[in-house]
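Undergrad: attaching a predicted model along with its sequence, questions to come.
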Amino acid sequence: MNIYRLIRPLLFLCPPEAIHAASLQLFHQAARLGCLPSWNISPRALERRFWGLSFPNPVGLAAGFDKNGVALPAWERLGFGFVEIGTVTPRPQKGNAKPRLFRVPREHALVNRMGFPNEGALAIRRRLERLKEEGQWPKIPVGINIGKQKETPIPEAARDYVEVFTHLRELGDFFVLNVSSPNTPELRRLETPEMLLRLLDAVAACHPPRHSPKPVLVKLSPDHTEQELEKLVTLLGEAPCQGIVFCNTSLKTSPDGLRGGWSGAPLKEKATRLLRKIATWASPRLVLIGVGGIESPDDAYERLAAGADLLEIYTGLVYRGPSLARELSLGLWKRGIPARRVPVP
C-alpha cells in the first residue's frame, strides 16, 4: 500500500509552499542523520552515459524542487539518477509575492508564480562546498539551473548567467540556462535566436583554459509555435550548447482565473508531441531531457520513445509521493528502455 496516498489529503490541507519547505527539511535531516532508507534501483540496463558522466538511471529531479540544494544528499537515496538544483541567480532573491504556488488536484497540476526565489550563487556555493567537505556529495550527476536577477534588464542578462556560472562551474556536472520561465518579466525574450546565441557565447567564453568545458543546456518553453521551436533547435545544434531541457511550465489562465506557469498532467500531451518533433530536428550531439506530466512508468517510456535521453519529474512527486523515481525506474527496467534516436556521437 502506498502510504503517501493515505496521508496526501492531510498534506493538501496545508499551503503548498509550506509543505514543500517542510518536506525539503525532512529529507535534509533524514539524509544527514543517515536514517533515510535507500530506494535506489539502478541496474546496469538503466545506465546512460553522456558527456563522460554516468547516469545510473534516466530519472532526474527537475529544477525548482530543491532550489538551494538543501536536500541534495537525499535524492540519490530516493532513487534518482541525477538532480538539477536551482534556479540560481547571482544574488539572493525573494521571488514574487505569496501565495505563488497552487495545487489543481482535479488535473494533477501545479500552478506557480514563484519568480526564482533562491539564496543566491555565493550562499549556494558555500552549501555545496560544505557537502563535499563533509563527504555528503551524491554519486549521481548534479546539474545547476541558472537564471537572471529579476531587475536585470534583458540586454544585460548575459552578465547574470556568466556570474552564476563562474561561481558554480567547479561544482556542477552540467548547467541549464533557464530562459523560459513565465514568471520573470520579459525573460522569454532571451529565447529569440539572436539573444540566445549571444548568451551561449558569453557562457562558453567562461570555461577556464585547459579544462574540459562543462555541458551547457537550454531549457525551452512549450508555448512556441512549431516553426519557432524548429528554428531554435536548429540554432542550438550549431551553438556552444550540449542539450535541451524540454519543457518549462506553460503560461495559461484557467477558467476560474488561476494564472501562472502550469506543470503536471495538463502538459503531458503537448510536451510529448513537441519533443517528438524536436528529436527529428535536433543534432545527434544534443542530449534531450524530457519534462512535463510524467507520473507513471508508461509516461516515462512514452517520453523516452518520443526521443528523450533523460527524464525529469517534479509535479508527479506532489501527487504520487517520494517513491515515484523508484517506481519509474522499476517500470522501465521491467519493460526496457527504447533505443536512442541516434547513437551517441
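TA: Perfect, thanks for sending it. Just so it is clear, the model here is predicted, and its values are computed rather than measured. Numbering: from 1, shown residues only.

Undergrad: and the biggest helix by length in the chain, how far out from the chain's middle?
TA: The longest helix of the chain (DSSP state H) is helix 16-33. Computed by C-alpha atoms, centre = their mean, to the nearest Å, the chain-centroid distance of helix 16-33 equals 19 Å.

Undergrad: what mean pLDDT does that helix have?
TA: Across helix 16-33, pLDDT averages out at 96.

Undergrad: residues making contact with it?
TA: Applying C-beta atoms under 8 Å, 6 or more residues apart in numbering, the external contacts of helix 16-33 come out as 11, 36, 65-66, 70-71, 73-74, 77-78, 98-103, 110, 136, 318, 322. Every C-beta, even on glycine, is put in place using the N, C-alpha and C of the backbone.

Undergrad: again, but for stretch 273-289
TA: Counting by C-beta under 8 Å, 6+ apart, 50-51, 60, 215, 217, 222, 226, 229-230, 233-234, 236-238, 241-247, 290, 303, 306-312, 341-345 sit against stretch 273-289.

Undergrad: narrow those to those in strands?
TA: Per DSSP state E, strands hold the following members of the contacts of stretch 273-289: 50, 60, 217, 243-246, 290, 310-312.

Undergrad: narrow those to those that are buried.
TA: 50, 60, 217, 243-246, 290, 310-312 (16 or more other C-beta atoms under 10 Å).

Undergrad: out of the residues you listed, who's nearest Ala157?
TA: Nearest to Ala157, judged by C-beta to C-beta, of these is Leu217 at 17.1 Å.

Undergrad: doesn't Val245 make contact with that closest one?
TA: Yes: Leu217 is within contact range of Val245, at 5.6 Å (criterion: C-beta atoms under 8 Å).

Undergrad: who touches both of these two?
TA: Among the neighbours of Leu217, those also in contact with Val245 (C-beta under 8 Å, 6+ apart) are 176, 289.

Undergrad: would you mind pulling the contact partners of stretch 147-158?
TA: Around stretch 147-158, the neighbours that count as contacts under C-beta under 8 Å, 6+ apart are 86-91, 93, 115-116, 159-161, 164, 177-178, 181, 184-187, 189-190, 195, 198-199, 202-203.

Undergrad: if any of those are buried, give me the PyMOL selection for them.
TA: Applying 16+ other C-beta under 10 Å to the contacts of stretch 147-158, the buried members can be selected in PyMOL as follows:
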select buried, resi 86+87+88+89+90+91+93+115+116+160+161+164+177+178+181+184+187+190+195+199+202+203
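
Undergrad: what about the contacts of stretch 147-158, which are in strands?
TA: 86-88, 177-178.

Undergrad: farthest-separated two in the residues you listed?
TA: By the measure C-beta to C-beta, Val88 and Leu177 form the most distant pair in the ones in strands among the contacts of stretch 147-158, at 11.3 Å.

Undergrad: so what's in contact with these two at the same time?
TA: 146-147.

Undergrad: where does pLDDT dip in the stretch 1-150 of the chain?
TA: 1 (pLDDT under 70).

Undergrad: how about a cut-off of 80?
TA: Residues of the stretch 1-150 of the chain that meet the criterion pLDDT under 80 lie in 1-2, 41-42.

Undergrad: tell me where it has helices.
TA: Residue ranges of the helices in the stretch 1-150 of the chain, as given by DSSP state H, counting those that start in this stretch, are 3-11, 16-33, 72-77, 121-133.

Undergrad: what is the burial count for Thr253?
TA: Counted with other C-beta atoms under 10 Å, the burial measure for Thr253 works out to 11 neighbours.

Undergrad: Pro153 now?
TA: Neighbour tally, Pro153, other C-beta under 10 Å: 9.

Undergrad: returning to that earlier point: save the helices of the stretch 1-150 of the chain as TSV, and put in mean neighbour count and distance to Pro155 too.
TA: TSV is the format used below for the helices of the stretch 1-150 of the chain (neighbours: other C-beta atoms under 10 Å; distance: least, C-beta to C-beta, whole Å):
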stretch	mean neighbour count	distance to Pro155
helix 3-11	12	43
helix 16-33	16	32
helix 72-77	23	34
helix 121-133	16	21
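
Undergrad: need those helices in CSV (columns: distance to Ile278).
TA: Compiled in CSV, the helices of the stretch 1-150 of the chain are given as follows (distance: least, C-beta to C-beta, whole Å):
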stretch, distance to Ile278
helix 3-11, 33
helix 16-33, 30
helix 72-77, 26
helix 121-133, 30
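
Undergrad: and the buried ones among the ones in strands among the contacts of stretch 273-289, which two are furthest apart?
TA: Farthest pair in these (C-beta to C-beta) is Phe50 and Phe246. Separation: 15.7 Å.

Undergrad: so Leu304 is in contact with Ile294, correct?
TA: No: with contact defined as C-beta under 8 Å, Leu304 does not reach Ile294; the gap is 10.0 Å.
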